[in-house]
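1. take a look and give me a structure for this.
(one chain, ligands or ions: 1)
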Amino acid sequence: MDRIKAFINGRFQNSDGETLIKINPVSGAPIAEVEKTDGALLEQAIQAAKIAQSEWSSLTGQERGQIMMRAGRMLERSLEELTRLEVRDVGKAWSEAISADVPCGAEAYEYFGSLAATIIGTAHKWADARGFTERVPLGICAGIGAWNYPTQIACWKSAPALAMGNAFILKPSEMTPYTASAIAEILHKSGLPPGLFQVVHGDFSVGRVLCEHPDIAKISLTGGVETGKKIIAQSASTLKKVTLELGGKAPLIVFADADFDLAVQTAIDANFYTAGEVCSNATRVFVEENILGKFVEAMKEKTEKLKIGDPMKEETQIGALISEQHLQKVLSYILIGKSEGANLVTGGERQFPDGCEGGFFISPAIFVDCKDSMRIVREEIFGPVMAVLSFNSESEVIYRANNTPFGLGAGIMTADLSRAHRIADKLDVGNIWINSYNLIPSDWPFGGVKQSGFGRESSVFALESYSQVKATYINY
Ligand code: NAD
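-> Residues are numbered from 1 along each chain as shown. I've put the predicted structure just below:
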């Protein structure tokens, strides 16, 4: 069994208390003991972060940027090692993790490193005075992560925080502890000072201590809606800044004039990538009535060809779900969908791939004859379960697409760009993709509205959210 420890002040450190067991999603077997970071160790992390942040923020942006870009290159060089850990942690397909997760994390360090020297303020002039504003760091920021994209979450949250001159403490999900500690070690070896990027481990109770700690200035959560509400409440007594990346139930709107093959493939990718464990996935697929039958038939045929199995095999496209409990939740939604009157055209069955019989696999499911009132259409399932709905008019589909408490993403497939713009304008979401889906380069903001949260990951908007404005007025 592996033993996973906190990374504090430039080294792995033991915690004397409780350990949590990490289960391999592919085999169902325990693979690691995770040392839950105790209070004394957490205090050490805070003290180390204070010292590191004071020195780091006095470097020039260019100096910080150079170190971060070097860190990005080192993450790139660690592609295979980190990918192996990501697959072990999450159970997602190697083919995905090697091309998306780790490259995306490295890109965040290079992108925000390149921005660090560009952070500037404003100058103001009055008859008998001058003034200037600066964007200054918040201090110590903490990230609390979900289990579906642990490498990406670690880098997306820490890179803008560090570029701005903050120190960062990460608590990854207790379900996926592997990559955070490995990333911390890589960043340290690439020249990041001790105490600047630290990792603590544990469940909600460690997260709560971070939220309540008076020396932490900001919490950035990626997680569920209910957790988001708790984070706000827990952070209230110290009036922390909070950003929340929460759940979703995104619509993909497919018009009859769309490029048919592209639309079919987009709907499949937007539902079954990472075995459906993606917050922005377009799990409500609205198809224009006159192409519905043909569209469903084409999706069914392609979906049944997806290769489910050992994530380490290059040909695997659908890996395991994160846990037995999560698998059972997803399976229960299959039953709910059937009992509500939806028709399952394919998938939705537990799978036992060769060599991975103890793992948490399910075949990708497509439900048709869905109604907006059904639970499988309203609630986030966070697994490979697509609900197909049909529509006849623009105004109708806009109303139905918006008729949800979530507002993370939306997709529009059409050859008519005027129509795409018209609809995009009316959708209450943070991210819209037209004739594509789920593309998020580092210089592009990502985040939701309504109960999908607030604040943005990536882009200059993320950088701003790790800073505050300081204004100096000089009277002549
Ligand atoms: P979760 O909310 O159960 O846990 C997320 C993190 O919060 C974990 O690290 C957990 O330990 C911590 N946590 C839980 N309760 C806490 C508390 N009271 N105080 C402090 N920390 C606490 O979510 P999950 O099951 O890990 O992930 C799935 C959810 O995350 C889904 O709803 C999904 O949509 C969402 N998600 C959102 C995005 C996004 O960018 N919007 C990305 C990935 C996942």
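
2. so what touches the helix or strand hosting residue 104?
-> According to DSSP states H and E, residue 104 maps onto helix 102-115. Residues from elsewhere that reach helix 102-115 (C-beta atoms under 8 Å, 6 or more residues apart in numbering): 64-69, 71-73, 75-76, 78-79, 82-83, 86, 151-152, 154-156, 159-160, 162-163, 183, 441-443, 458, 460, 462-463. Any C-beta I mention is one placed from the backbone N, CA and C, and that applies to glycine too.

3. what does stretch 70-89 give?
-> Residues outside stretch 70-89 that contact it (C-beta under 8 Å, 6+ apart): 22, 24, 31, 92-94, 97-98, 101-103, 105-111, 113, 147, 150-151, 155, 175-179, 182-183, 186-187, 189-192, 311-312, 319.

4. now residue 33: how far from residue 198?
-> When distance is defined by C-beta to C-beta, to the nearest Å, residue 33 is 20 Å away from residue 198.

5. which one's more surrounded, the two?
-> More crowded of residue 33 and residue 198, by other C-beta atoms under 10 Å: residue 198, with 33 against 16.

6. correct me if wrong: that one contacts residue 7.
-> Yes - under the criterion of C-beta atoms under 8 Å, residue 198 makes contact with residue 7 at 5.9 Å.

7. joint contacts of the two?
-> Residues touching both residue 198 and residue 7 (C-beta under 8 Å, 6+ apart): residue 184.

8. just to revisit the earlier point, after the helix holding residue 104, next one along is what?
-> Counting by DSSP H and E, the element after helix 102-115 in chain order, helix or strand, is strand 122-126.

9. return the list of strands paired to that following strand, each annotated with direction.
-> strand 129-137 (antiparallel) (DSSP bridges).

10. what mean pLDDT does the strand it pairs with get?
-> Mean pLDDT, computed over strand 129-137, is 98.

11. and if you look at stretch 252-272?
-> 98.

12. same check, this time on stretch 70-88
-> Regarding stretch 70-88, the rounded mean pLDDT is 97.

13. list, one by one, the residues from the stretch 51-200 of the chain near the ligand.
-> Residues of the stretch 51-200 of the chain lying close to the ligand by C-beta under 6 Å from any ligand atom are 144, 145, 146, 147, 148, 149, 171, 173, 174.

14. how many residues are close by the closest residue to residue 106 other than its chain neighbours?
-> With sequence-adjacent residues excluded and distances taken as C-beta to C-beta, 6 or more residues apart in numbering, residue 106 is closest to residue 75, at 3.8 Å. Residues near residue 75, counting by other C-beta under 10 Å, number 25.

15. the chain should start at 394 in everything you say after this.
-> Renumbered: residue one is now 394, and that last one reads residue 468.

16. residue 468: which element?
-> Here residue 468 sits within helix 454-470, counting by DSSP H and E.

17. show me how far stretch 431-450 is from its chain's centre.
-> 26 Å (C-alpha atoms, centre = their mean, to the nearest Å).

18. show me the contacts for residue 753.
-> 418, 421, 484, 713, 714, 715, 716, 717, 719, 720.

19. same thing with residue 623?
-> 597, 601.

20. let's see that with 10 Å instead.
-> Residue 623 makes contact with 597, 600, 601, 604, 614, 616, 617 under the criterion C-beta atoms under 10 Å, 6 or more residues apart in numbering.

21. burial of residue 395, as a residue count?
-> Look at residue 395: counted by other C-beta under 10 Å, it has 13 neighbours.

22. swap in residue 663?
-> Neighbour count of residue 663, defined by other C-beta under 10 Å: 24.

23. is the helix or strand harbouring it positioned near the ligand?
-> Under the criterion of DSSP H and E, residue 663 resides in helix 653-665. No - against the ligand, helix 653-665 shows no contacts by C-beta under 6 Å from any ligand atom, the least distance being 13.9 Å.

24. and that helix, what other elements does it pack with?
-> strand 644-647, strand 677-681, helix 685-696, strand 758-761, strand 778-784, strand 802-806 (3 or more C-beta pairs under 10 Å, 6 or more residues apart in numbering; DSSP states H and E).

25. how about the residue of the stretch 494-643 of the chain found nearest the ligand, nearest residue that isn't a chain neighbour?
-> Nearest to the ligand, among the residues of the stretch 494-643 of the chain, is residue 600, at 2.3 Å (C-beta to the nearest ligand atom). Once flanking residues are discounted, residue 600 sits nearest to residue 537: 4.8 Å by C-beta to C-beta, 6+ apart.

26. poorly predicted segments of the stretch 544-693 of the chain, please.
-> Judged by pLDDT under 70, the stretch 544-693 of the chain has no weakly predicted residues.

27. picking up where we left off before, now the helix holding residue 497 against helix 454-470, angle please.
-> Per axes from the mean of the first three to the mean of the last three C-alpha atoms, to 10 degrees, the angle that helix 495-508 makes with helix 454-470 is 170 degrees.

28. so how far is helix 495-508 from its chain's centroid?
-> For helix 495-508 - counting by C-alpha atoms, centre = their mean - the centre lies 15 Å from the chain centre.

29. what do you get for stretch 587-596?
-> Computed by C-alpha atoms, centre = their mean, the chain-centroid distance of stretch 587-596 equals 18 Å.

30. which parts of it are buried?
-> Under the neighbour-count criterion of 16 or more other C-beta atoms under 10 Å, stretch 587-596 has 587, 588, 589, 590, 591, 592, 593, 594, 595 buried.

31. how about stretch 807-821?
-> In terms of neighbour count (16+ other C-beta under 10 Å), stretch 807-821 has its buried residues at 807, 812, 813, 816, 817, 820, 821.
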